[in-house]
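Asker: got a predicted structure here, sequence first:
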There are 2 protein chains.
Amino acid sequence: MATTKAPDAGRRSDRSRRAIHDAALALVTEQGYRRTTIEGIAARAGVGKQTIYRWWPSKAAVLMDAFLDLAGRTAEDAGGAPEPDGAASSGGSAPGFPDTGDLAADLKTVLRATVDELNNPVLEAVTRALTAEGIVDAKLGAEFVQQLLDPQLALYVTRLRAAQEAGHVRAEIDPRIALELLIGPLMHRWLLRTLPLTHAYADEVVDYAVGGLTPRA
Amino acid sequence: MATTKAPDAGRRSDRSRRAIHDAALALVTEQGYRRTTIEGIAARAGVGKQTIYRWWPSKAAVLMDAFLDLAGRTAEDAGGAPEPDGAASSGGSAPGFPDTGDLAADLKTVLRATVDELNNPVLEAVTRALTAEGIVDAKLGAEFVQQLLDPQLALYVTRLRAAQEAGHVRAEIDPRIALELLIGPLMHRWLLRTLPLTHAYADEVVDYAVGGLTPRA
């Protein structure tokens, strides 16, 4: 009996987690972060509050897991791995950063994928809600940056260091600053909706930024 | 009698406007944009709701005026004009953009002033509250961008065009994109609080970005 019970319990547990994720994402999209509560998530998911507290220590923790789960599924649907970017965005299994030896081409590949992800309507409302709350709530913002953003930024640093070793980026450039000239413009345009966020824009940003990093003749 | 009455009425009117501005800023700082109401502002300012509706068509309009008034006063206290920047920030009397003929030096002057303004605790909470609400509310965000941000961005475009005419920036560079490599990194760092926002950082951003804009040897 125990051998048949365990898989059933596992399936029930997976179903509950998925229901909790979906409820959390729906509520934060509809009501914003602040008005979303553990009680509300439990009611919407059809589970007891204690089920949520057994798996997650806080509302922020539920939402980060739900967001990573959604971003991972969305990337799978799009046929690719989630890509590094500048928002409380992306995640899932560790995404790679291409290294074909051509820095500008690799950065365009990554930033175009980031554009697609930021423009994806499935992710947009929840990404905006979490980012906006992180902007006014310093503690929450720090959690999002640490959990969601910093691992992505580390991939840029690694790629830029490799370019330095290959002599494609000047030795005195700080990769941690240089990456902000790539993701800062995209995020600024997306967050404030100043102008359309397109592949052509991503390409221009890469060309301007890389032009400032390369060795001088 | 009329000649003495008019200045009194003017003073009362100025006092009421200032009280309304202060109340609006205090409430948005304490409660966020969404929970701030015209009724709440009127009660806190000690005026009737109709007084507010006589002068402003909406809550957003009161807050933008209050913000511009605060930014202008803060800049005066700091001994300078408000500077162009990337947030729902700055304003007051039209700020100039320096043109000494040295593009990098001028951009450092402006971006250092932006760093000071973003780090100013008097402005921080309200700037964050308005920016965060604009991120989730597209209509409000568009109003903030049009009223507060676009006039500042136009100053960067003018300065970058002058640099192009002087042969300091390549002719094929689009100034409207180039300016985003300057303000995007600052705003990204400030909004997400990834790392400290300092003058040294502003200088590095200018050096990297300008390096990508100058004519190639």
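Answerer: Everything's here; your move. Numbering: from 1, shown residues only, chains lettered A, B, ... in the order given.

Asker: tell me which stretches of chain A form helices.
Answerer: For chain A, the helices defined by DSSP state H cover A:2-31, A:38-45, A:49-55, A:59-77, A:103-118, A:121-136, A:138-144, A:150-165, A:175-178, A:180-192, A:199-211.

Asker: any weak-confidence spans in chain A?
Answerer: Within chain A, the ranges that satisfy pLDDT under 70 run A:1-7, A:79-95, A:217.

Asker: pick out the residue of it closest to chain B.
Answerer: As assessed by C-beta to the nearest C-beta, chain B sits closest to residue A:212 within chain A, at 3.0 Å. The way it works is simple: take the backbone N, C-alpha and C, and place the C-beta from them, glycine included.

Asker: surely that residue touches residue B:208?
Answerer: Yes - Residue A:212 lies in contact with residue B:208 (C-beta atoms under 8 Å); the separation is 4.6 Å.

Asker: intersection of neighbour lists for the two?
Answerer: residue A:181 (C-beta atoms under 8 Å, 6 or more residues apart in numbering or on different chains).

Asker: break chain A into its domains for me.
Answerer: A:1-55, A:68-211 (automatic domain parsing).

Asker: before we move on, the earlier item: I'd like the helices of chain A as JSON lines, with distance to residue B:198 appended.
Answerer: JSON lines is the format used below for the helices of chain A (distance: least, C-beta to C-beta, whole Å):
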{"stretch": "helix A:2-31", "distance to residue B:198": "33"}
{"stretch": "helix A:38-45", "distance to residue B:198": "39"}
{"stretch": "helix A:49-55", "distance to residue B:198": "40"}
{"stretch": "helix A:59-77", "distance to residue B:198": "28"}
{"stretch": "helix A:103-118", "distance to residue B:198": "26"}
{"stretch": "helix A:121-136", "distance to residue B:198": "20"}
{"stretch": "helix A:138-144", "distance to residue B:198": "18"}
{"stretch": "helix A:150-165", "distance to residue B:198": "18"}
{"stretch": "helix A:175-178", "distance to residue B:198": "11"}
{"stretch": "helix A:180-192", "distance to residue B:198": "13"}
{"stretch": "helix A:199-211", "distance to residue B:198": "20"}
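
Asker: tell me which of the domains of chain A approaches residue B:167 most closely.
Answerer: The closest of those to residue B:167 is domain A:68-211. By C-beta to C-beta, the value is 16.4 Å.

Asker: residues contacting the residue of chain A closest to chain B?
Answerer: Going by C-beta under 8 Å, 6+ apart, the list of residues near residue A:212 reads A:181, B:207-213.

Asker: residue A:209 too?
Answerer: The contact partners of residue A:209, by C-beta under 8 Å, 6+ apart, come to A:107, A:178, A:181-182, B:181, B:208-209, B:212.

Asker: just confirm yes or no for stretch A:119-129 near chain B.
Answerer: Yes - counting by C-beta under 8 Å from any C-beta of the partner chain, chain B has neighbours in stretch A:119-129: A:128-129.

Asker: if I read this right, residue A:175 contacts residue A:155, doesn't it?
Answerer: No - look at residue A:175 against residue A:155 with C-beta under 8 Å: they stay out of range, at 10.8 Å.

Asker: check the offset of stretch A:175-193 from the chain's centre.
Answerer: Distance of stretch A:175-193 from its chain centroid, counting by C-alpha atoms, centre = their mean, to the nearest Å, is 14 Å.

Asker: make that stretch A:106-122, sorry
Answerer: Remark: stretch A:106-122 is offset 11 Å from the chain centroid, using C-alpha atoms, centre = their mean.

Asker: repeat that for stretch A:182-194.
Answerer: That offset, for stretch A:182-194, works out to 15 Å (C-alpha atoms, centre = their mean).

Asker: keeping just the C-alphas, turn it into CSV.
Answerer: Extracted in CSV, the C-alpha atoms of stretch A:182-194 (Å, rounded to 0.1, in the frame of the first residue of the first chain):
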residue,chain,number,x,y,z
LEU,A,182,23.4,47.1,-21.4
ILE,A,183,20.5,46.2,-19.1
GLY,A,184,19.9,49.7,-17.6
PRO,A,185,18.6,51.2,-20.9
LEU,A,186,16.3,48.2,-21.6
MET,A,187,14.9,48.2,-18.1
HIS,A,188,14.4,52.0,-18.1
ARG,A,189,12.5,51.9,-21.4
TRP,A,190,10.4,49.0,-20.3
LEU,A,191,9.7,50.3,-16.8
LEU,A,192,8.8,53.8,-17.8
ARG,A,193,7.4,52.8,-21.2
THR,A,194,9.1,55.8,-22.9
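
Asker: got the buried residues for that stretch?
Answerer: A:182-192, A:194 (16 or more other C-beta atoms under 10 Å in any protein chain shown).

Asker: check stretch A:60-74 too.
Answerer: Neighbour-count burial for stretch A:60-74 [16+ other C-beta under 10 Å]: A:60, A:62-72, A:74.

Asker: check stretch A:109-127 too.
Answerer: Applying 16+ other C-beta under 10 Å to stretch A:109-127 flags A:109-118, A:120, A:123, A:125-127 as buried.
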